[in-house]
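*Asks:* structure of the sequence below:
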Amino acid sequence: MNVNASAHSPRSSGGPLAGIRVVDFTTMLSGPYCTMMLADLGADVVKVEPPDGDLLRKTGPGRHPLMGPLFVQANRGKRSVCLDLKDAGAAAALRRIIDGADVMIHNMRPSAARRIGIDYETIAATSPALVYCAVVGFGTAGPYAELPAYDDVIQAASGIAAVQSLGVDEPEYVRMALADKVAGLAAFGAVTAALWYRERTGRGQYVEVPMLETLSAFVLMEHLYGITFEPPTGSSGYTRVVTPERRPFRTADGVVSVVFYNDRHWRSFFELAGRPDLVDDERFDDLTTRTAHSRSLYVLVADVMKQRTTAEWLKVLRDHDVPAMEVKSPDELITDQHLDAVGFFRRQEHPSEGTVVLTRPPFVFSKSTVVDADPAPRLGEHTIEILRVVGCTDAEIADLVDRGVAPPVRN
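*Replies:* Next comes the predicted model:
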């Protein structure tokens, strides 16, 4: 980084959000996933961390302390400032960083934000045009507002774990940080919408993205199902999706996902299965009746799919324009021919961590560029640089550093 560059200068690499300045207090995954996407699209993201750093730094097998793989992935393209906000001098330096920013985002409980002086009322008093985003576990108007929340808790509270556990003996979570990432996506959309509102009106605002409400809406889109109506027309739970037989199918030598959905797909399948008699079976006559009898269909498909190899099925299914893909592991994605062709992965030389494998942003713009983000920052890597360019004197910086409330880069 250029030490003479402004802490709030547009990114030289461009992007549709070039010139947008973000102060990022988020930790772990929900907030950092949002700010990662903002950085990918060109926003200048300054990550403010406590002296111990974002806890995500300590997660997973890294090469050096405080640079774990999840942190390296979720914090690409950001700059790190390390401040102990319990100190009045560090808090004053923070206000200089916030002044002139376009967006501020955190994922703390409301009481925690108030305790360190970054609640909306305090910040908006001097920065009324700021888009202030709070990614919280639970909406602040409800009785759960101050409860702690992590991905697993939200998967449980939002219905995800219950839906995932249908047909199995023990409750299960989805085996990824689904709630965190969906909340991060929602925050990304909400922040960009608020920026567009400010573009038209000149007015900043408070934006709240509660994880429980976000994930409950995500689940209930299809799973309200019959209780959408009053009185209900059926039970909750989208029948086709919740049946235990809905899963990837074993072939003679592997596993594939195949979706027979519309009338043409099913006619093709009945032909391939040697069961032309089922074309006129009233149970499978249209989408409504097939959905009601989806369990029987899945059992039939599972039996038939074992009769050919994966390669044979993929060829014949694609010849009939039926959606189908081989099941792949994360390790196999690294060498996937499609992802390779579109340049999805990139190797980056990190100044302290060596070669790292990153994914490129999945967005494609015909006019705007998408940023190949800078490496994830070491803890406090840009503290002194940014304090200088927001107007702190060398004496003020030396005082903060000497007292340990603005430590420079630690690793």
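
*Asks:* low pLDDT regions in the stretch 1-150 of the chain?
*Replies:* 1-13 (pLDDT under 70).

*Asks:* show me where it has its strands.
*Replies:* Under the criterion DSSP state E, counting those that start in this stretch, the stretch 1-150 of the chain contains strands at 21-24, 44-49, 78-82, 103-106, 131-136.

*Asks:* can you redo the ones you listed as CSV with distance to residue 274 and mean neighbour count?
*Replies:* To be clear about C-beta, it is placed using only N, CA and C from the backbone, and glycine gets the same treatment. Listed next are the strands of the stretch 1-150 of the chain as CSV, based on distance: least, Cβ to Cβ, whole Å; neighbours: other Cβ atoms under 10 Å:
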stretch, distance to residue 274, mean neighbour count
strand 21-24, 59, 27
strand 44-49, 58, 25
strand 78-82, 57, 25
strand 103-106, 57, 24
strand 131-136, 53, 26
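
*Asks:* how many other residues sit next to residue 225?
*Replies:* By the criterion of other Cβ atoms under 10 Å, residue 225 has 19 neighbours.

*Asks:* do the same with residue 83
*Replies:* When counting by other Cβ under 10 Å, one arrives at 23 neighbours for residue 83.

*Asks:* which ones are touching the nearest residue to it once chain neighbours are set aside?
*Replies:* The shortest distance from residue 83 to any non-neighbouring residue, by Cβ to Cβ, 6 or more residues apart in numbering, is to residue 90 (4.3 Å). Listed by Cβ atoms under 8 Å, 6 or more residues apart in numbering, the contact set of residue 90 reads 83-84, 400, 405-406.

*Asks:* can I see the domain layout of this protein?
*Replies:* The record assigns the chain these domain ranges, following automatic domain parsing: 21-218+342-402, 249-326.

*Asks:* and the closest residue in space to residue 127 that isn't next to it in sequence, how many neighbours?
*Replies:* The shortest distance from residue 127 to any non-neighbouring residue, by Cβ to Cβ, 6+ apart, is to residue 98 (6.2 Å). Around residue 98 there are 20 other residues, counting by other Cβ under 10 Å.

*Asks:* same check, this time on residue 283
*Replies:* The number of residues near residue 283, taken as other Cβ under 10 Å, comes to 11.

*Asks:* so which of the contacts of residue 90 belong to helices?
*Replies:* Of the contacts of residue 90, the ones assigned to helices by DSSP state H are residue 400.

*Asks:* out of the contacts of residue 90, who's nearest residue 345?
*Replies:* Closest approach between the contacts of residue 90 and residue 345, by Cβ to Cβ: residue 83, at 34.4 Å.

*Asks:* can you map out the strands along the stretch 151-300 of the chain?
*Replies:* 205-210, 249-250, 255-258.

*Asks:* and the ones you listed, which is most packed in?
*Replies:* strand 205-210 (a mean of 20; mean count of other Cβ atoms under 10 Å).

*Asks:* which residues touch residue 297?
*Replies:* 260, 284, 290.

*Asks:* for the nearest residue to residue 85 once chain neighbours are set aside, which residues are in contact?
*Replies:* In space, and not counting its chain neighbours, residue 85 is closest to residue 116: 4.6 Å by Cβ to Cβ, 6+ apart. Counting by Cβ under 8 Å, 6+ apart, residue 116 makes contact with 85-86, 91.

*Asks:* would you agree residue 401 is in contact with residue 380?
*Replies:* No - with contact defined as Cβ atoms under 8 Å, residue 401 does not reach residue 380; the gap is 9.8 Å.

*Asks:* that concludes my questions; thank you for your assistance.
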